[in-house]
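> Okay, structure incoming, though there's no sequence with it:
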């Protein structure tokens, strides 16, 4: 089993450009499948074997979303084996995915975003860095992995653009607002030079995902916001506020770096202010 899993993971990494985090999850799921079924040869696994595995998973009372992810790993693995001609029939084709409830993303109001961005003091380099991070997250809707992966040369302050590497190692140019550019300039003028990474921690090394989360948590405590705010909440707020102010879905899709429009459509469910405005202007009895 291990040999086929490694071959599959190599394919995902090289051909599909999957992130290390995604590859780790696939490996965990497939190793778990092998361990629970105690079956060393994936080429001899049948639909009944996979049904037995799913029954064991359900007995562990896993959340539907977790179970769906494990199913996705199994489907992708056997689809790969089938395409490579290693198996004649794909036993995972008939597996049914559990129904998932759509979670509406959490977002901040425009006033809450302003309060959070303005909370870091600007008398020290760390405060200027935090202000630049918050401005950039909200101004461009970046994923936290994209933010911490940026280098100094990723910022084009003249054209108001930043270059980021998103999912699948795909690079894209993202517009950035004047306030974020100003905050970035202020931070870069104050911090030590010589480091390629854009955002540095207190030890002068590249800031991590967790470091950004800790920064947001620290400044949330200074505001009246009573919500658990992650970097992704800033991304949700970016998309929601754009739609509320009339941006079209295709443009928001491009800005967020979503491959499929269906991923972006979740934000249409929370843009109630925009819907109300459209209704008031368009309906004769509004």
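Sure, I can see it. Given the structure is predicted, the values throughout are model-derived calculations rather than measurements.

> Contacts for the strand or helix carrying residue 182, please.
Under the criterion of DSSP states H and E, residue 182 resides in helix 178-190. Residues from elsewhere that reach helix 178-190, judged by Cβ atoms under 8 Å, 6 or more residues apart in numbering: 122, 125, 128-129, 131-132, 135-136, 138-140, 152, 155, 157, 160, 176, 198. Placement of C-beta: from N, CA and C, glycine included.

> of these, buried ones?
When the contacts of helix 178-190 are checked for burial by 16 or more other Cβ atoms under 10 Å, the buried set is 125, 128-129, 131-132, 135-136, 138-140, 155, 160, 176, 198.

> For these, give me JSON lines that also has distance to residue 8, pLDDT and secondary structure.
Output for these, formatted as JSON lines (distance: Cβ to Cβ, whole Å; pLDDT from 0 to 100; DSSP: H, G, I helix; E, B strand; the rest coil):
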{"residue": "125", "distance to residue 8": "45", "pLDDT": "95", "secondary structure": "helix"}
{"residue": "128", "distance to residue 8": "45", "pLDDT": "97", "secondary structure": "helix"}
{"residue": "129", "distance to residue 8": "40", "pLDDT": "97", "secondary structure": "helix"}
{"residue": "131", "distance to residue 8": "44", "pLDDT": "97", "secondary structure": "helix"}
{"residue": "132", "distance to residue 8": "40", "pLDDT": "97", "secondary structure": "helix"}
{"residue": "135", "distance to residue 8": "41", "pLDDT": "97", "secondary structure": "helix"}
{"residue": "136", "distance to residue 8": "36", "pLDDT": "97", "secondary structure": "helix"}
{"residue": "138", "distance to residue 8": "38", "pLDDT": "96", "secondary structure": "helix"}
{"residue": "139", "distance to residue 8": "39", "pLDDT": "96", "secondary structure": "helix"}
{"residue": "140", "distance to residue 8": "34", "pLDDT": "95", "secondary structure": "helix"}
{"residue": "155", "distance to residue 8": "38", "pLDDT": "95", "secondary structure": "strand"}
{"residue": "160", "distance to residue 8": "42", "pLDDT": "95", "secondary structure": "coil"}
{"residue": "176", "distance to residue 8": "38", "pLDDT": "94", "secondary structure": "coil"}
{"residue": "198", "distance to residue 8": "35", "pLDDT": "96", "secondary structure": "coil"}
